[in-house]
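[1] here's my sequence, what's the structure:
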Amino acid sequence: MKVKPVPKLSDLPNKEAQRSSRSVSPGATPPIETPTEPAERLVKSSDRVRDIGEVFTPAATVNEMLDLLPRSMWAVHPSPTFLEPSCGDGNFVIAILDRKLRSIGEALKKSKLPAGDGVSAASFHALEALASIYAVDISSDNIIGGTPGHEIGARTRLLQAFISWHKSALNVRLSPKSLVLRAAEWVVEHNLIVGNMLPFDTDGKPTGRNEIPLIEYEFMPAARTAQLRTTTLGDAIAAAQAEYGAKLSLFGPAEPAFLWEGKAFQLATASRVEAPSLSGPARNGKGSRRK
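    Take a look at the predicted model:
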């Protein structure tokens, strides 16, 4: 499966955004509008409940669960990593990003950002926060969206939150050409993956879970640079098992491979890493699988 681009925000069914686009003077770059979050749905259809056991966690429950975590989980730098193994259309990852961004805003007001003061430093840490969030879901409708009834996927929701925070907290309107937005798009396309986190499907066949690619990010505030390395979920699991003694192996996991290094806002120039095709039964609730 090739890494799929996030649907353009301008393509989403948002009448207000369409009106704003029409009002832009000829030749000017239209602003990116952030569509209003859809009304909360816990079930999209009975077919999806039956086929993929899909029932979403209510936002109130998500926040109650996140309230149980120590405050250190919302540190600005290094930004603690989260992996959502069955993310749906993003209720958990949206709430996680919101808390991380709020921490950045608070640190900015107190002049305590490791990358320095000002809007650029805050954007740097916002990108770091976004890059610390990983998610997998078996349904491409949930990750990518762009289909009837699933117009906005988890990737787009994260980008909308990223854009909205820049506007509300930093008074910055990101355009499609903004380097930090292009970097954010690269991140969500690689961090939110269509895949199966179970090792075997219902027929007992391997799902290819261990081949799911992971990008490791290291953000360096002093120079506002980042280094990217590639590994796989299988190697990450093996490394954790070796470290904590859950499983010993004669041959350890492969070391992450260097991918890219440079100014963090130039991250979109990094080579793309393709994920393998999802193995196993169709998982979009109607007996078909988008690729």
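
[2] average pLDDT across stretch 105-118?
    Stretch 105-118 shows a mean pLDDT of 97.

[3] can you tell me what sits against it?
    Val76, His77, Ile104, Ala121, Ala122, Phe124, His125, Trp165, Ala169, Pro221, Ala222, Arg224 (C-beta atoms under 8 Å, 6 or more residues apart in numbering). Where you see a C-beta, it was placed from the backbone N, CA and C, and this is true even at glycine.

[4] isn't Asn63 right next to Asp98, touching?
    No: at 9.2 Å, Asn63 does not count as touching Asp98 under the criterion of C-beta atoms under 8 Å.

[5] now the contacts of stretch 105-118 in TSV, with secondary structure?
    Output for the contacts of stretch 105-118, formatted as TSV (DSSP: H, G, I helix; E, B strand; the rest coil):
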residue	secondary structure
Val76	coil
His77	coil
Ile104	helix
Ala121	helix
Ala122	helix
Phe124	helix
His125	helix
Trp165	helix
Ala169	helix
Pro221	coil
Ala222	coil
Arg224	coil
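
[6] ok, of the residues you listed, which one's closest to Glu185?
    Set against Glu185, the nearest of the contacts of stretch 105-118 by C-beta to C-beta is Trp165 (15.4 Å).

[7] let me see the contact set for that closest one.
    Leu101, Gly105, Ala126.

[8] change it to 7 Å
    Applying C-beta atoms under 7 Å, 6 or more residues apart in numbering to Trp165 gives the contacts Leu101, Ala126.

[9] look at it and report its pLDDT.
    98.

[10] what of Pro58?
    With respect to pLDDT, Pro58 scores 76.

[11] one more: the one 4 residues further on?
    What the model reports as pLDDT for Val62 is 91.

[12] repeat that for Ala240.
    Looking at Ala240, its pLDDT is 82.

[13] any idea which element it lies in?
    helix 233-244 (DSSP states H and E).

[14] please apply the same query to Glu216.
    strand 213-220.

[15] check Gly262 too.
    Judged by DSSP H and E, Gly262 forms part of strand 257-263.

[16] partners of that strand in the sheet?
    strand 225-232 (antiparallel) (DSSP bridges).

[17] check which residues of the strand it pairs with are buried.
    If you call a residue buried by 16 or more other C-beta atoms under 10 Å, then strand 225-232 has these buried ones: Thr225, Ala226, Leu228, Arg229, Thr230, Thr231, Thr232.

[18] wait, which of the residues you listed is closest to Ser175?
    Nearest to Ser175 among the buried residues of strand 225-232, with distances taken as C-beta to C-beta, is Ala226, at 21.7 Å.

[19] and the most centrally placed residue in the chain, how far is that from Pro221?
    By C-alpha atoms, centre = their mean, the chain has its centre lying nearest to Val188, at 4.1 Å. Using C-beta to C-beta, to the nearest Å, Val188 is found at 22 Å from Pro221.

[20] pLDDT weak spots in this structure?
    Along the chain, segments meeting pLDDT under 70 span 1-56, 245-252, 278-291.

[21] so who does Leu259 touch?
    Leu228, Arg229, Thr230, Ala270, Ser271.

[22] once you drop chain neighbours, what's closest to the fourth one?
    In other words, Ala270. For Ala270, ignoring the flanking residues on the chain, the nearest one in space by C-beta to C-beta, 6 or more residues apart in numbering is Trp260 at 3.7 Å.

[23] give me the neighbour count for the one you found.
    Other residues lying near Trp260 total 16 when counted by other C-beta atoms under 10 Å.

[24] then the one 4 residues further on?
    Summarising burial for Ala264: neighbours were counted as other C-beta under 10 Å, giving 24.

[25] picking that back up, tell me which other helices or strands the strand holding Glu216 touches.
    strand 225-232 (3 or more C-beta pairs under 7 Å, 6 or more residues apart in numbering; DSSP states H and E).

[26] okay, the angle between the strand it packs on and strand 213-220?
    Between strand 225-232 and strand 213-220, the angle comes out at 160 degrees (axes from the mean of the first three to the mean of the last three C-alpha atoms, to 10 degrees).

[27] quick check: buried residues in the helix holding Ala240?
    Buried residues in helix 233-244 (16+ other C-beta under 10 Å): Leu233, Gly234, Asp235, Ala236, Ile237, Ala238, Ala239.
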